[in-house]
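Next input, structure requested:
(one chain, ligands or ions: 2)
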Amino acid sequence: MKNPQNVRAAKIASVRSVSEAPQHSWPEVAFVGRSNVGKSSLLTMLTGLRNLAPVSKTPGRTKSLGFYALKNPELCLVDLPGYGWAQLGQDMRRQIATMISDYVTTRSNLLGLILLIDARRAELTDDDWAMVKLAMEAERALLVVLTKSDKLSKNQLSQARMAVEKALEIPKGSIIPVSSLNGTGKKELWVQITQLLKASKEPAEATDEAATTGEDSAATAE
Ligand SMILES: Nc1nc2c(ncn2[C@@H]2O[C@H](COP(=O)(O)OP(=O)(O)OP(=O)(O)O)[C@@H](O)[C@H]2O)c(=O)[nH]1
Ligand SMILES: [Mg+2]
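Numbering: from 1, shown residues only. Ligands and ions are numbered 1, 2, ... in the order given. Predicted structure coming up:
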C-alpha cells in the first residue's frame, strides 16, 4: 500500500479479484449498486476531489475493485463495479458478480456498505435485493442513499425516500438523498460513516474520538 501517512485521498489499488486486494488494516467502506447509479461519482464527491474515481455516462465504467485511501478519517473507500447492466456480456457480468460477492463476504476489514438507489426509480431491483441479502448474510452494516437527488423536486424526493424506506422496512428518515452534482447529503453521509467507524472501535477509544464531518478528509490528492 502506498504510504498512507502522506496521502489525503489517493487511489492505492485497482484489482480484479479480492486475492489481489491491498493488505492493510484500515477500515473499508464500499459503494454498491446498479451500474450507472452514481457510485464512483459519490465516492469522489465525498472526498471533495475532482475526477478521483473514473465516471462515465455509459454504464459499466468500473470493472475492478478500486481502493482509495483517506487520511482523515483513516479509512479506505472502495469503488465496486456495478451490477445489472445486461450489455456487459455474460462473462464480464459473472466476473463482476464474483468480485462483489467475494469482497463482501470475505474482506475482513470491511466495515460497511453504502447501497445506492437512483432516486428517480425509487425501488429496488432484484439485483439490489440480492445485494441486501448478501450484506445481511455477511452481517455487514448497510447505509442506503438515494442518488441523483438533483433531478427530483423536494416533494418527489420525499416520496421516493418514503417508498424505499417502506420497501426496506427501515425507520423513516434513515435514507440519505445525495447529489454528486451539488453536494447534497455529503455531511449527512459522513456523519453516518463516522458513526460506523466509531462503533467499530473499542468503547473507550470511541468516546475520545472527536466527531468529524469529513470536510478535511481530502483537500488534496497525492
Ligand atoms: N445529475 C446527476 N448525475 C449524476 C450524479 N451522480 C452521477 N451522475 C452521472 O451518472 C453517470 C454514472 O455515474 P458513475 O459515477 O460513473 O456511476 P457508477 O455507479 O460508478 O457506474 P458503474 O461504474 O458503471 O457501475 C455519469 O454520467 C454521472 O455524471 C448526480 O448526483 N446527479
Ligand atoms: Mg463506477
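
contacts and neighbour counts: CA atoms only from here.
Noted.

I'd say Leu75 and Glu28 touch.
Yes. With contact defined as C-alpha atoms under 8 Å, Leu75 reaches Glu28; the gap is 5.9 Å.

how long is stretch 172-192 end to end?
15 Å (C-alpha to C-alpha, to the nearest Å).

What of stretch 177-191?
End to end - C-alpha to C-alpha - stretch 177-191 spans 14 Å.

Would you mark the buried spots in that stretch?
Neighbour counts over stretch 177-191 (16 or more other C-alpha atoms under 10 Å) mark Pro177, Val178, Ser179, Ser180, Thr184, Gly185, Lys186, Lys187, Glu188, Leu189, Trp190, Val191 as buried.

Let's see which of these end up in strands.
Using DSSP state E, the subset of the buried residues of stretch 177-191 located in strands is Pro177.

could you pick out which of the buried residues of stretch 177-191 are near ligand 1?
Ser179, Ser180 (C-alpha under 6 Å from any ligand atom).

need the helices for this structure, in chain order.
Counting by DSSP state H, the chain has helices at residues 39-47, 90-106, 126-137, 154-168, 186-200, 203-208.

Out of these, which one sits most buried?
Ranked by mean neighbour count, the helices of the chain are led by helix 39-47 with a mean of 24 (mean count of other C-alpha atoms under 10 Å).

For that helix, what is the distance to the chain centroid?
Mean C-alpha position of helix 39-47 versus that of the full chain (C-alpha atoms, centre = their mean, to the nearest Å) differs by 8 Å.

Give me every residue in the chain lying close to ligand 1.
So far as C-alpha under 6 Å from any ligand atom goes, the chain lies against ligand 1 at 35-41, 55-57, 59-62, 81-82, 147-148, 150-151, 179-181.

Of the residues you listed, which qualify as buried by neighbour count?
Applying 16+ other C-alpha under 10 Å to those, the neighbour count classes 35-41, 55, 59-60, 62, 81-82, 147-148, 150, 179-180 as buried.

just those residues that are near ligand 2?
Filtering those for neighbours of ligand 2 using C-alpha under 5 Å from the ion leaves Ser40, Thr62.

what about the protein, any weak spots by pLDDT?
By pLDDT under 70, the weakly predicted segments of the chain are 1-7, 202-222.

ok, what's across the strand from Val78?
Ala30, Phe67 (DSSP bridges).

Nice, that's everything, thank you.
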